[in-house]
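Trainee: Model the structure of this input:
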Amino acid sequence: MTESTPLTQDEHHRVDAPAGPIIGKAQGEVLRFLGIPYARAERFAPPEPVPPFTEPFHATRAAAAAPQGSSEVVSQAIEGIRTDRQDEDCQRLSLTVPADLAEDERLPVLVWIHGGSYVTGAGDLPIFDPTRLVTEQRVIVVSVTYRLGVLGYLHLPGRSPANLGLLDQVAALRWVAANIAAFGGDPEGVTLFGQSAGGDAVAHLMIARGTEGLFRRAIVQSAPLGLLSGRTRMSEAMARAAGALLPDTSVRDLLALQDKAAQAAKSFGLRSAMPFGVRYGHDPLPAEADRGRAWREAAPRIDLLIGATSQETGLFTEALPAVRKVIELPLVGSTLRRILIRATTWRIYTGPARAFARRHRRGGGDAVRYTFTWRPEGGRFGAAHITDIPLLLGTRSSWEGTSLVGRTTWEEIDRRGRAVRRVWADFARTGTVSAEAARAASDSLTVHRSSSSRP
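Mentor: Residues are numbered from 1 along each chain as shown. All right, here's what the predicted structure looks like:
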């Protein structure tokens, strides 16, 4: 990028990248390059690179979400969240860059992989707006949108490969590696970060074929790592239930069959809490028996920040009728709720995150572990799943007044968020978290110093 001059709101800005000329626009203190295609794919086919643009690509419209239904759990916590524009042509990414970037600057790059149980979400939702992180910490954020559900994470023998959504993400990382320098980013300083299914994706990108050298650091937030094992029979039952998925099946019918597949998973216990997901032993992942070795081998080349909230499953208790009946019992309901949340949070999130960090260190890598403890004032769910996101990403209008944050004012959210965003950017710059940054964020999260091999 050439040396910047002050830009007016919505002024267009051109970057000549290896992918071709790309035109974004200024929005306040940042430049936004939205909805850039990083790959293309036919239905049920792996992604292919997009040829360089011969004419300027106007990157001024947010990426469409992958086809999806709504999430009852997310909707009860974040009222008003919508993905009105959906399209199977969803292999898009968006970049947010400081508007005053100088020609010789090379900034750390954070690549965001959104969550949503591999069935909902999109990189450009307002709740994931990275402007505050970019302007405060002087980093570049790349937000990735990818295929979901039956189109991205259901193996149909002879028809659809497994892991198409993961392959989309690999293609996005290749695009970043080839093009980010043109936007002022450091291709040697790329950090992946993702929450929930996005955190799970980051963990698997660490061992995915073809990703070595594409990123240096990984932040795994609230990944349900306790649900990863022994999923083959469940996935096969889901494929049988989905049945007649054809290249010309309508999107509406696809989503109906996706629901049918999810119902078929319910007999498989806790694993059915996130029925769609990656399949081991299918490109680009190793066999399940080899994944531990693969993570140990990847450890020396990837710095890791991993953690969870202290009450992850507090978000889900009200969505399960059987559980709701128990926690609404007089006198004992609140105690039973606390016990249930503590046990399930440990089983699905905290315990596996500790084991993941321990294996990473034993493999010769550096790992820092954290626990997110902020309980929003008046929030319905406590320090639950997703409560880290308002302190990292999103706009005032997308978060203020939601059930997730309750009565917490935007000023309080932003005060806490500034400290948390510093921790994430500190890690992206250095591969560790300074004691000063950890202290500043200590009223929202605890950094467990013993989890790092660094001094």
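Trainee: So for the longest strand seen in the chain, mean pLDDT?
Mentor: In the chain, taking DSSP state E as the definition, the longest strand is strand 185-195. Taken as a whole, strand 185-195 has a mean pLDDT of 98.
Trainee: How about I348, nearest residue that isn't a chain neighbour?
Mentor: G226 (3.9 Å; CB to CB, 6 or more residues apart in numbering). Every C-beta, even on glycine, is put in place using the N, C-alpha and C of the backbone.
Trainee: List the buried residues in the longest strand of the chain.
Mentor: G185, D186, P187, G189, V190, T191, L192, F193, G194, Q195 (16 or more other CB atoms under 10 Å).
Trainee: can you check stretch 432-452 too?
Mentor: So for stretch 432-452, counting by 16+ other CB under 10 Å, buried means T432, V433, A437, A438, A440, A441, S444, L445, T446, V447, S451, S452.
Trainee: Contacts for the helix or strand in which the fourth one is found next, please.
Mentor: By that I understand A438. Using DSSP states H and E, A438 sits within helix 435-440. Identification of contacts with helix 435-440 by CB atoms under 8 Å, 6 or more residues apart in numbering yields A419, R422, V423, D426, V447, R449.
Trainee: again with stretch 389-398
Mentor: Contacts of stretch 389-398 (CB under 8 Å, 6+ apart): 78, 80-81, 112, 125-133, 195, 374, 399, 404-405, 410, 413, 416-417, 420-421, 424, 444.
Trainee: Could you measure from V111 over to W346?
Mentor: 29 Å (CB to CB, to the nearest Å).
Trainee: For these two, indicate the residue with more neighbours.
Mentor: It is V111, of V111 and W346, that has more neighbours when counted by other CB atoms under 10 Å, with 28 against 17.
Trainee: which residues of this structure fall in helices?
Mentor: With helices called from DSSP state H, the chain shows them at 72-77, 131-137, 149-152, 164-179, 197-205, 232-242, 251-265, 291-298, 321-327, 333-345, 351-362, 396-399, 410-430, 435-440.
Trainee: For the last one, C-alpha coordinates in CSV please.
Mentor: Coordinates of the C-alpha atoms in helix 435-440 are reproduced here as CSV (Å, rounded to 0.1, in the frame of the first residue of the first chain):
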residue,chain,number,x,y,z
ALA,A,435,2.5,-10.0,32.8
GLU,A,436,1.3,-6.4,32.4
ALA,A,437,-1.3,-7.3,29.8
ALA,A,438,-2.5,-10.2,31.9
ARG,A,439,-2.9,-7.9,35.0
ALA,A,440,-4.8,-5.3,33.0
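Trainee: what's the weakest-modelled helix or strand in the protein?
Mentor: Every helix and strand in the chain was compared by mean pLDDT, DSSP states H and E; the lowest is helix 321-327, with a mean of 58.
Trainee: Let me know how buried H58 is, in neighbour terms.
Mentor: By other CB under 10 Å, 16 other residues sit near H58.
Trainee: Which residues lie in contact with it in this structure?
Mentor: So H58 contacts I23 (CB under 8 Å, 6+ apart).
Trainee: tell me the pLDDT at it?
Mentor: pLDDT, H58: 97.
Trainee: likewise the one 5 residues further on?
Mentor: The per-residue pLDDT reported for A63 equals 97.
Trainee: Would you agree it is in contact with D124?
Mentor: Yes. Using CB atoms under 8 Å, A63 is in contact with D124, at 4.9 Å.
Trainee: re the thing from before, can you list the buried residues of stretch 432-452 in TSV and add distance to Y370 and pLDDT?
Mentor: Listed next are these as TSV, based on distance: CB to CB, whole Å; pLDDT from 0 to 100:
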residue	distance to Y370	pLDDT
T432	12	95
V433	8	96
A437	11	96
A438	9	96
A440	13	97
A441	9	97
S444	10	98
L445	5	97
T446	6	97
V447	5	96
S451	8	44
S452	11	43
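Trainee: Of those residues, which is the nearest to L31?
Mentor: Minimum distance to L31 across those is 26.5 Å, recorded for A437 (CB to CB).
Trainee: how far away is V251 from A65?
Mentor: Computed as CB to CB, the V251 to A65 distance reads 12 Å.
Trainee: Next, show the common contact partners of these two.
Mentor: Counting by CB under 8 Å, 6+ apart, the shared contacts of V251 and A65 are Q86.
Trainee: between the two, who's got more neighbours?
Mentor: With neighbours defined as other CB under 10 Å, V251 and A65 compare such that A65 has more, 24 against 14.
Trainee: looking at it, the more buried one is touching G116, isn't it?
Mentor: No. The criterion here is CB under 8 Å, and A65 misses it with G116 at 9.5 Å.
Trainee: Give me the buried positions along stretch 176-185.
Mentor: Neighbour-count burial for stretch 176-185, counted by 16+ other CB under 10 Å, picks out V176, A177, A178, N179, I180, A181, F183, G184, G185.
Trainee: will you turn those into CSV that also has distance to R380?
Mentor: Converted to CSV, the buried residues of stretch 176-185 look like this (distance: CB to CB, whole Å):
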residue, distance to R380
V176, 37
A177, 42
A178, 44
N179, 42
I180, 39
A181, 45
F183, 40
G184, 41
G185, 39
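Trainee: just the residues you listed now: which is nearest A264?
Mentor: Of the buried residues of stretch 176-185, the one sitting nearest to A264 (CB to CB) turns out to be V176, at 36.3 Å.
Trainee: I78 and F128 touch, don't they?
Mentor: No. Applying CB under 8 Å, one finds I78 not in contact with F128, separated by 11.3 Å.
Trainee: So which elements touch the longest strand of the chain?
Mentor: strand 107-113, helix 164-179, helix 197-205, strand 217-221, helix 410-430 (3 or more CB pairs under 8 Å, 6 or more residues apart in numbering; DSSP states H and E).
Trainee: Could you point out which of the buried residues of stretch 176-185 is nearest to G210?
Mentor: Closest approach between the buried residues of stretch 176-185 and G210, by CB to CB: A177, at 10.9 Å.
Trainee: And the closest one, how close does it get to H360?
Mentor: 23 Å.
Trainee: likewise T96?
Mentor: For T96, the distance to H360 - CB to CB - is 29 Å.
Trainee: repeat for E188
Mentor: 21 Å.
Trainee: now do A162
Mentor: From A162 to H360 the distance is 25 Å (CB to CB).
Trainee: And T60, how close does it get to L151?
Mentor: Note on T60: its distance to L151, by CB to CB, is 26 Å.
Trainee: Sorry, wrong one. I was asking about A264.
Mentor: A264 sits 17 Å away from L151, going by CB to CB.
Trainee: okay, the two: which has more neighbours?
Mentor: Using other CB under 10 Å, the more surrounded residue of A264 and L151 is L151, with 24 against 20.
Trainee: Quick one: residues contacting that one.
Mentor: R43, F44, A66, P67, E88, L164, G165, L254.
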